[in-house]
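Colleague: This is a predicted model, with the sequence first.
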Amino acid sequence: MRERAFATAIVAVVLFVGAAWARGAEEARIDLTEAQIRAIEAAAPAQAPAKPAQARKVLVYGRVPTHPDSVPSCFKAVEIMGRKSGAFEAVSSGDPSCFLPENLKQFDAIVMNNTHEGTPFLPWSFKELTAEQQKAAKDQEVVLKKSFLDFVSSGKGLVGIHGATCSVQWPEYLEVMGGAYGTHISGEVFVKAEEGDHPVCAGFGAEGIKVNDEIYIFREPYSRKSVRVLAGLDLSRTQDPQKRADKDYAVSWVRQYGKGRVFYCSLGHTPPTYTHRQVLQHMLAGIQFAMGDLQGEAWPVQGGGR
């Protein structure tokens, strides 16, 4: 009975005015210069860290107004990484209806691309809709949230890039992702692998990497008791931001959610980050980990900060 009621609800909300979603779909446009695209192409790994178990398809979801520079760069970087390495096919979208169960079932993983908004599952034009359309959109949001959670918990993959942990007014989503934005620093920093033998960290090497980016400092629900931190600020070469007493400045992590796998990387605010060879290696490995093609430990290492 409950399943039938849920199915009826899906049909009801899908049938509401379809034009309300059109603007959201347009927000996935990719508008980069040829030089920017060539730079991403040159930096993208030519070989995937793992051989795909089958043909893979990844949904990359983001909307340009949230981060006008980084969102298009991330769209293009994921598309190029998948194609160049043969690891997956990427589909970019800013249309929330792609999270409907019948649409989501074709994908092996979701990449939340700098979503950085309180309601990523509502149409971008929500405030311009009529009261009736807003109600229909809110009803559909309930369906989309359940579909999203079911997708990951059933054994699929979730990847968060940079702003995917920022400003989302949905506590359960932040629990799944593993943390929430607290504040940030910007500039040149050094990042090191905390688990150098973890396959997702292979691109960092023993020396770590230098990046010029916006670095997040996380708040709850972030905890090393719930995520497995893979990389963090190298405080031997980077000035302590003095933002956390425990000096715990995680940059990327993995975790398990139900049967699914989650990878989050806070790098990716500035477009040049998507032309950084080692960052792209890390992201590609993380996507393959989330899909289950790259094997690695996901359970947290118990303990506090470093």
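Modeller: Looks like it arrived, so ask away.

Colleague: any weak-confidence spans in the stretch 151-300 of the chain?
Modeller: Nowhere does the stretch 151-300 of the chain drop to pLDDT under 70.

Colleague: Tell me if I'm right that L233 and S252 touch.
Modeller: No - counting by Cβ atoms under 8 Å, L233 sits too far from S252 to count as a contact (11.3 Å). Glycine gets a C-beta too; all of them are placed from N, C-alpha and C.

Colleague: Please name the residues that touch the spatially closest residue to R261 that is not a sequence neighbour.
Modeller: Leaving aside its sequence neighbours, R261 sits nearest to A290 (Cβ to Cβ, 6 or more residues apart in numbering; 4.9 Å). Shown in contact with A290 (Cβ atoms under 8 Å, 6 or more residues apart in numbering): 109, 157-159, 260-263.

Colleague: Okay, and A290 sits in which element?
Modeller: Taking DSSP states H and E as the criterion, A290 maps to helix 277-291.

Colleague: for the longest helix along the chain, packing partners?
Modeller: In the chain, taking DSSP state H as the definition, the longest helix is helix 131-153. Taking 3 or more Cβ pairs under 8 Å, 6 or more residues apart in numbering; DSSP states H and E as contact, the helices and strands that helix 131-153 lies on are helix 2-14, helix 101-104, strand 109-113, helix 171-177, strand 260-265.

Colleague: relative to helix 277-291, how tilted is that helix?
Modeller: Orientation check (axes from the mean of the first three to the mean of the last three Cα atoms, to 10 degrees): helix 131-153 against helix 277-291 gives 90 degrees.

Colleague: Determine the angle, from 0 to 180 degrees, between the helix or strand immediately after helix 131-153 in the chain and strand 109-113.
Modeller: Following helix 131-153 in sequence order, the next helix or strand is strand 157-161 (DSSP H and E). Interaxial angle of strand 157-161 relative to strand 109-113 (the same axes, to 10 degrees): 10 degrees.

Colleague: Now find how far off-centre strand 157-161 is within its chain.
Modeller: Remark: strand 157-161 is offset 3 Å from the chain centroid, using Cα atoms, centre = their mean, to the nearest Å.

Colleague: In PDB, list the C-alpha atoms belonging to it.
Modeller: Coordinates of each C-alpha in strand 157-161 appear next as PDB, following Å, rounded to 0.1, in the frame of the first residue of the first chain:
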ATOM      1  CA  GLY A 157      28.100   6.300  -5.500                       C
ATOM      2  CA  LEU A 158      28.100   9.900  -4.300                       C
ATOM      3  CA  VAL A 159      30.800  12.500  -5.000                       C
ATOM      4  CA  GLY A 160      30.900  16.000  -3.600                       C
ATOM      5  CA  ILE A 161      33.200  18.700  -5.100                       C
END
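
Colleague: Packing partners of it?
Modeller: strand 109-113, helix 171-177, strand 260-265, helix 277-291.

Colleague: which helices and strands does the strand ranked longest in the chain pack with?
Modeller: Counting by DSSP state E, the longest strand found in the chain is strand 180-193. With contacts taken as 3+ Cβ pairs under 8 Å, 6+ apart, strand 180-193 sits against strand 209-219, strand 228-233.

Colleague: okay, those in a markdown table with distance to A87 next?
Modeller: A markdown table is the format used below for the helices and strands packed on strand 180-193 (distance: least, Cβ to Cβ, whole Å):
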| stretch | distance to A87 |
| --- | --- |
| strand 209-219 | 21 |
| strand 228-233 | 19 |
